[in-house]
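Chemist: My questions are about this predicted structure, shown below with the sequence.
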Amino acid sequence: MKLKMPKKIPHGSYEPDWSKRLMVSAQKAQGQLRVQEFLDDIADLCVCKEHLLWYNVDVATLLEGCSINGHTTNPRDGSSILFLDASIVACHPQTGRLQHYPKSMVHCFVDDHRNGGEAAPDGVVFSVELFSISPREEELCFILECHQEHEIPAAQREAARWLGWLNG
């Protein structure tokens with residue numbers, strides 16, 4: 001009896017789906033890395049223990065298997081948004097809510113109050129807003145506000161990332 005060996009595939013592998021499995025494994029590892037980067041950024045915020053626990057247990061569990069393309073955290077209130085392939089997940093630790101919005105329903109506005117036009121509320125000199133109009137008052141409204149001019153470049157970089165994701 002002769003054993004029939006499959007054709008040898010480059011790199012010494014005899015497994016027919018070796019490249020597919022390798023790619024899936026790399027994507028899974030990258031996804032886990034992005035979840036950990038997100039949780040590390042949350043840990044760096046000054047949030048209370050309950051909110052940190054919520055992120056590390058509840059949110060991390062829900063993210064298992066998701067492919068995260070990026071994230072933004074709001075140090076003022078501890079909220080965050082996660083950019084997935086075709087949607088956004090908004091995390092609100094104060095209410096314990098996670099809200100999911102399709103990419104096609106998300107909009108981005110940038111308001112620059114530095115040039116003396118419209119009066120800025122509460123001393124805000126620059127703001128970046130991701131929003132979505134959704135039913136039952138469950139709209140997305142994630143705002144990064146700058147009260148000092150030195151904060152503006154970071155907000156501009158976030159706006160550029162957001163616009164890149166929206167148009168990607």
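Modeler: Perfect, thanks for sending it. Numbers count the residues shown, from 1 in each chain.

Chemist: Any regions of the protein where pLDDT drops low?
Modeler: Residue ranges of the chain with pLDDT under 70: 1-25, 27, 117-119, 121, 135-137.

Chemist: Show me the domain layout of the chain.
Modeler: For the chain, the structural domains run 15-104, 106-168, going by automatic domain parsing.

Chemist: Make CSV from the ones you listed and add mean neighbour count to it.
Modeler: Every residue, glycine included, has its C-beta placed from N, CA and C. Formatted as CSV, the domains of the chain follow (neighbours: other C-beta atoms under 10 Å):
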stretch, mean neighbour count
domain 15-104, 15
domain 106-168, 14
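
Chemist: and Gln36, which of the three is it?
Modeler: For Gln36, the assignment made with DSSP: H, G, I helix; E, B strand; the rest coil gives helix.

Chemist: right, I mislabeled it, should have said His150
Modeler: Per three-state DSSP, the local secondary structure of His150 is helix.

Chemist: Find the nearest non-adjacent residue to Val124, please.
Modeler: Once flanking residues are discounted, Val124 sits nearest to Glu145: 4.7 Å by C-beta to C-beta, 6 or more residues apart in numbering.
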